[in-house]
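In: no FASTA, just this:
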């Protein structure tokens, strides 16, 4: 039946990516558009957007986790080959600019930062999603505190 509608695995992946992933990717990338000068505000909005996406798309967090751990094959590789790295490169350049301007910790690795942020929020969502005391706002606040203030005590 799948072959009848899609003719190939790649055609099926194209439809899944175009209908499901690209709209979400565009929502996330929109946080890094325009003249942005405040990394804390930008990343805070980005983190909240991830939480909203996860809450409204219960497949997103587990699938993202699976794709990250699967390496260079699968849906993630298909997206990279088909749509390139323009969004990732734009965000990386913005991170580097913020570091050069002294607005963002220069010790952070620009290539690891986005994966670290995504992991900080998606791992707890994936792990605690079925727990009765699961509290979305607790995960968001924890991620924001950890990202924005680090582990130093608040003074």
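Out: Yep, it's here. These figures come from a predicted structure and were not determined experimentally. Numbers count the residues shown, from 1 in each chain.
In: use CA for all of it now, contacts and neighbours both
Out: Noted.
In: tell me the contacts of the residue nearest the centre of the chain?
Out: The residue lying closest to the centre of the chain (CA atoms, centre = their mean) is residue 118, at 4.5 Å. Applying CA atoms under 8 Å, 6 or more residues apart in numbering to residue 118 gives the contacts 47, 50.
In: One more: the one 10 residues further on?
Out: Shown here is residue 128, whose contacts under the criterion CA under 8 Å, 6+ apart are residue 134.
In: go with 10 Å
Out: For residue 128, the contact set (CA atoms under 10 Å, 6 or more residues apart in numbering) comprises 122, 134-136, 139.
In: ok so, going back, would you mark the buried spots in the helix or strand hosting the residue nearest to the centre of the chain?
Out: In this structure, residue 118 sits in helix 110-128 according to DSSP states H and E. Neighbour-count burial for helix 110-128, with 16 or more other CA atoms under 10 Å as criterion, is recorded at 110, 114, 117-126.
In: For the residues you listed, give me CSV that also has distance to residue 11 and pLDDT.
Out: Output for the buried residues of helix 110-128, formatted as CSV (distance: CA to CA, whole Å; pLDDT from 0 to 100):
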residue, distance to residue 11, pLDDT
110, 33, 94
114, 29, 91
117, 31, 93
118, 28, 91
119, 29, 90
120, 33, 92
121, 31, 92
122, 28, 91
123, 30, 91
124, 33, 91
125, 30, 88
126, 29, 87
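In: Out of the residues you listed, flag the one nearest to residue 100.
Out: Lowest distance from residue 100 to the buried residues of helix 110-128 (CA to CA) belongs to residue 110, with 11.8 Å.
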